[in-house]
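A.B. asks: Structure for this input, please:
(one chain, ligands or ions: 1)
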Amino acid sequence: MQIEILAAESLGVRSMATFIRTRDLTMMIDPGAALGPKRYGLPPDEIEWQRLRELKDKIRQKLKECDLVVITHYHYDHYDPEWAKDFKGKRVILKDPFNAINRNQAQRARELLKRLESNQIFWETAEEKEIISGTTQIILSPSLTHGPERRFGGVVSVFVKEDGFGFLHSSDLNGPVEEKAVSFIKEMRPQVLFLDGPATYLGPRYGLDFLKRAQKMLQELLLELPLKTLIIDHHTLRDLAWKNWAKPILEVAVQQGTRVLTAAEYMNEEPLLLEALRKERYKASRKN
Ligand SMILES: [Fe+2]
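C.D. replies: Predicted coordinates for the structure are as follows:
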């Protein structure tokens, strides 16, 4: 199985866009990317906009190769409604637009559906679907919660298996902190887990108890699963000091022989935390 993470916070933008090729099919999970509109009270600078353009072009190009597209929820770092017509000829699998969804995402979902329908593009609901194509098996989770707060609605995790090797894309579990999400991951038993991790940069606004709970959940996963690689990115990689939170997890990973990587490192690139470094760039540009 070929797994290519096209965009993520460690690659300079908000995203979890992932391209997968098996012997039987090509697919993309979450074809989109965005920037944090305000970080440290500052808007994105030209360096971030440039990187966003670059990576969105890459995602859109790669999308042309895909037979199947999954959108795990309706946040703009995970899809772009302007690209609806690019889904023509592909199998389109969407997080249930009508159930376990908040008002804002339901509105966005309706807009996407309108665009798909006007282009005669059929779509299917993702939740609890299983797809078998040759030796490839795709399992979509039931609706899982977007982190500690129910008000963000549900997301769908995606598991892909071929030749006994399993990859799991968690989408925005923002933790995991939910028992149901952890059970799904345990049940799938992936060798590679691409996890968004908690929004440590929000600190108490995320919830200090929940940060501890996410640590405990991840330690549990490392102890119970045959994980070769744990990729932590997205929410967690908005924080320059993310390893302070991750330290107890990294210790268990060493014991278990699991590599813990950012998406950039997984792709053999240097991490480039543009959003987390926004304040530093503003400071430097004021000095010049
Ligand atoms: Fe996200």
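
A.B. asks: residues in the stretch 1-150 of the chain within reach of the ion, list them.
C.D. replies: 75, 77 (CB under 5 Å from the ion). From N, CA and C alone the C-beta is placed, and that goes for glycine too.

A.B. asks: Let's see that with 6 Å instead.
C.D. replies: Counting by CB under 6 Å from the ion, the stretch 1-150 of the chain comes close to the ion at 75, 77-78.

A.B. asks: Tabulate these (CSV), appending neighbour count, pLDDT and secondary structure.
C.D. replies: Below are those laid out as CSV (neighbours: other CB atoms under 10 Å; pLDDT from 0 to 100; DSSP: H, G, I helix; E, B strand; the rest coil):
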residue, neighbour count, pLDDT, secondary structure
75, 21, 96, coil
77, 22, 98, coil
78, 25, 98, coil
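
A.B. asks: And the residues you listed, which is closest to residue 281?
C.D. replies: Nearest to residue 281 out of those is residue 77 (CB to CB; 20.4 Å).

A.B. asks: Next up, the contacts around that closest one.
C.D. replies: With contact set as CB atoms under 8 Å, 6 or more residues apart in numbering, residue 77 has these partners: 13-16, 32-34.

A.B. asks: In stretch 233-251, which residues are buried?
C.D. replies: 233-239, 242, 245-246, 249-250 (16 or more other CB atoms under 10 Å).

A.B. asks: Now, the residues you listed that are in helices?
C.D. replies: The helices, defined by DSSP state H, take in 242, 245-246, 249-250 from the buried residues of stretch 233-251.

A.B. asks: Please produce CSV containing the residues you listed, extended by pLDDT.
C.D. replies: Listed next are these as CSV, based on pLDDT from 0 to 100:
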residue, pLDDT
242, 97
245, 97
246, 98
249, 98
250, 98
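
A.B. asks: Okay, the nearest residue to residue 14 once chain neighbours are set aside and residue 32: tell me how far apart.
C.D. replies: Residue nearest to residue 14 in three dimensions, not counting chain neighbours: residue 77, with 4.0 Å by CB to CB, 6 or more residues apart in numbering. Residue 77 is 6 Å from residue 32, where distance means CB to CB, to the nearest Å.

A.B. asks: so what sits against both of the two?
C.D. replies: Counting by CB under 8 Å, 6+ apart, the common neighbours of residue 77 and residue 32 are residue 15.

A.B. asks: What about the nearest residue to residue 201 once chain neighbours are set aside? Give its phi and psi, please.
C.D. replies: Excluding the flanking residues, the one nearest residue 201 by CB to CB, 6+ apart is residue 239, at 4.0 Å. Here is the backbone geometry of residue 239 (degrees, to the nearest 10): phi -120, psi 120.

A.B. asks: residue contacts, residue 239?
C.D. replies: 199-201, 245, 276.

A.B. asks: One more: residue 75?
C.D. replies: 34, 105, 172.

A.B. asks: so of these, which ones are in strands?
C.D. replies: Among the contacts of residue 75, no member is found in strands (DSSP state E).
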